[in-house]
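Pasted the sequence and its predicted model underneath.
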Amino acid sequence: MAVSGIVIFMKIHVDAEKCQGHNRCYALAPELFDVDDYGNAVVIGDGSVAPELEDRARLALANCPEFAITISE
Amino acid sequence: MTSTEDFASVADWATDFDHADPQYNRNAHAIWAELRGTCPVAHSERYGGTWLPTTHEYVREIAYDTENFTSRGVVVEKSLPLEPAPIGGAPPITSDPPFHIEARKLLLPPFAPKKIEPWEPEIRKLCNGLLDAMMDNVAQGKPIDAAADYAKRIPVNVIARMLGFPLKDEELFLEFVHNVLEGIDDEPEIRIEKFERLTQYVIAQIEDHYANPRDDLTSYLMSVELFGSKLSVEHVGGSIILLLIAGIDTTWSAIGSSLWHLANNPEDLARLVADPSLIPTAVEEFLRVYAPVTMARLVAKDHDFHGCPMKVDEWVLLPFPAANLDPLVFPDADKVIIDRAENRHAAFGLGIHRCLGSNLARLELTVAIQEFIARFPSFEIAGTEDDVVWSVGQIRGPREMPIQVIDNRI
């Protein structure tokens, strides 16, 4: 989406209170999610999703057993 | 060995269920579907009172509610656990907040994905060694036992190596696991006596590690600190018992059930053989449909749960596999769809007690299936379903499963 020449990316967010380390997001979208030393998920960078990875982000969201991932667009 | 005659027969699954009745695990999917549609929370007077919720919503609600439900007891049995909350006998699985997270934080790092991934070549080698040992029988056209001689052997070997326990004691570990998880119908004094043997074995291993420290999980647990001091022997021993018991039966069951599905569904088997890249997605579907683990809680205080008068110290089974089959959450829940893309299953539990070993279990399950079907691209159950022996109790999976190999690649 381009607004006045600025590209606005989809953004992913992991709720650290809800994440229990199932690691489904890290398995399905390692370009977007990493895991810390405890095995809990963290977003890579600021959570911006390149357009070609948007489907992967949605897939990760739909496979999180704890509903810990949200997407803002 | 427990025989069917030991169980008083169950007359009505809604009011008198017994999850240790061999008919329960054999017919679990039908029993849960029936209950979900009519009486979503079953009750039984057995084991001092036991509840069985069968919907995803209720299982989830109980898993998240650590105020009304305690993890002090996680295996339903005739007597209550001796160790009090919030630590319990096998931390952190038997622990409640606020202690729970502190004990869990000690064990999370060694089981995090990046610590588990390096085990892959070892597990692959182990699977191939087990398959090699079956080739004589296969060459002679004889059946093999994919549960007892394959699925069972993988997790027991891996956890023994992680703990730094003698591999020659594998049979002993399997006996301990059987006693704890399947011997739930034993009278309390017999159960305590059997548990004491396990405790003594673990203490002897800890003493051996004191004398000869090495780079393994046992030495790690003996070296880490909690609240500024090293863990008590009871804590180290309890955590080791947890790793030994929880890691073996469960993964064995998941591998066995997945192979049982493939033996009975040649079109799914052929699809995975033709396209192995589908295996990780199929594994998640097998975990959903054949989730091996039903956890348990004890009611912590008298309260009303959706119209059910729950009393303190009654047991509550948490059948994650039943939650995974709830049609309100999963479209076509009763169908096994091996390329199901959206799969929010709860095979490894929900909430703060998410299976600590889930990364290891997934790796073992994936590699076990990859290697089995690469070696045997076509196979079926030898004989009939009556020749398959299912477990009893909270962990569900085939214990004996004769397989006839139709086609093999040596």
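Here it is on my side, so go on.

Do a quick rundown of the strands in the stretch 151-300 of chain B.
Secondary structure of the stretch 151-300 of chain B by DSSP state E, counting those that start in this stretch: the strands cover B:225-226, B:229-230, B:294-299.

Could you check how many residues crowd around residue A:45?
Using other CB atoms under 10 Å in any protein chain shown, residue A:45 has 8 other residues around it. In this view, the C-beta of every residue, glycine as well, is placed from N, C-alpha and C.

tell me the mean pLDDT over stretch B:68-80?
Stretch B:68-80 shows a mean pLDDT of 94.

rewinding a little: tell me which of the strands of the stretch 151-300 of chain B sits nearest to chain A.
strand B:294-299 (13.9 Å; CB to the nearest CB).

The closest one pairs with which strands?
Here strand B:294-299 has these sheet partners by DSSP bridges: strand B:69-70 (antiparallel), strand B:315-319 (antiparallel).

what's the following helix or strand after it?
Remark: after strand B:294-299, the chain's next helix or strand is strand B:303-305, criterion DSSP states H and E.

ok now that next one, how far from the chain's centre?
Chain-centre distance of strand B:303-305: 28 Å, with CA atoms, centre = their mean, to the nearest Å.

what sits up against that strand?
B:41, B:51, B:58, B:62, B:68, B:310 (CB atoms under 8 Å, 6 or more residues apart in numbering or on different chains).

If we use 6 Å, what do you get?
B:68, B:310 (CB atoms under 6 Å, 6 or more residues apart in numbering or on different chains).

Quick one: mean pLDDT over it.
Regarding strand B:303-305, the rounded mean pLDDT is 97.

Please state the offset of the following helix or strand past it from the chain centre?
The helix or strand immediately downstream of strand B:303-305 is strand B:308-310, counting by DSSP H and E. Offset of strand B:308-310 from its chain centre (CA atoms, centre = their mean): 28 Å.

go on, stretch B:136-148?
25 Å.

Please enumerate residues in contact with that stretch?
Under CB under 6 Å, 6+ apart, the answer for stretch B:136-148 is B:134, B:256, B:259, B:382, B:398-405, B:408.

Using CSV, lay out those residues together with distance to residue B:216.
Formatted as CSV, these follow (distance: CB to CB, whole Å):
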residue, distance to residue B:216
B:134, 30
B:256, 27
B:259, 30
B:382, 39
B:398, 31
B:399, 29
B:400, 32
B:401, 32
B:402, 36
B:403, 34
B:404, 39
B:405, 36
B:408, 36
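
of the residues you listed, buried ones?
Among those, the ones that count as buried by 16 or more other CB atoms under 10 Å in any protein chain shown are B:134, B:256, B:259, B:382, B:398-399, B:401-405.

Out of those residues, which sit inside strands?
Among the buried ones among the contacts of stretch B:136-148, the ones falling in strands (DSSP state E) are B:398-399, B:402-405.

So for stretch A:14-27, what gets flagged as buried?
Neighbour counts using 16+ other CB under 10 Å place A:14, A:19-27 of stretch A:14-27 among the buried residues.

Model confidence for residue B:196, exactly?
Residue B:196 is given a pLDDT of 91.

picking that back up, can you tell me which of the strands of the stretch 151-300 of chain B is nearest to residue B:102?
strand B:225-226 (6.0 Å; CB to CB).

Could you please name the strands the closest one pairs with and the direction of each pair?
strand B:229-230 (antiparallel).

in stretch B:211-225, what's buried?
For stretch B:211-225, by 16+ other CB under 10 Å, it's B:216-222.
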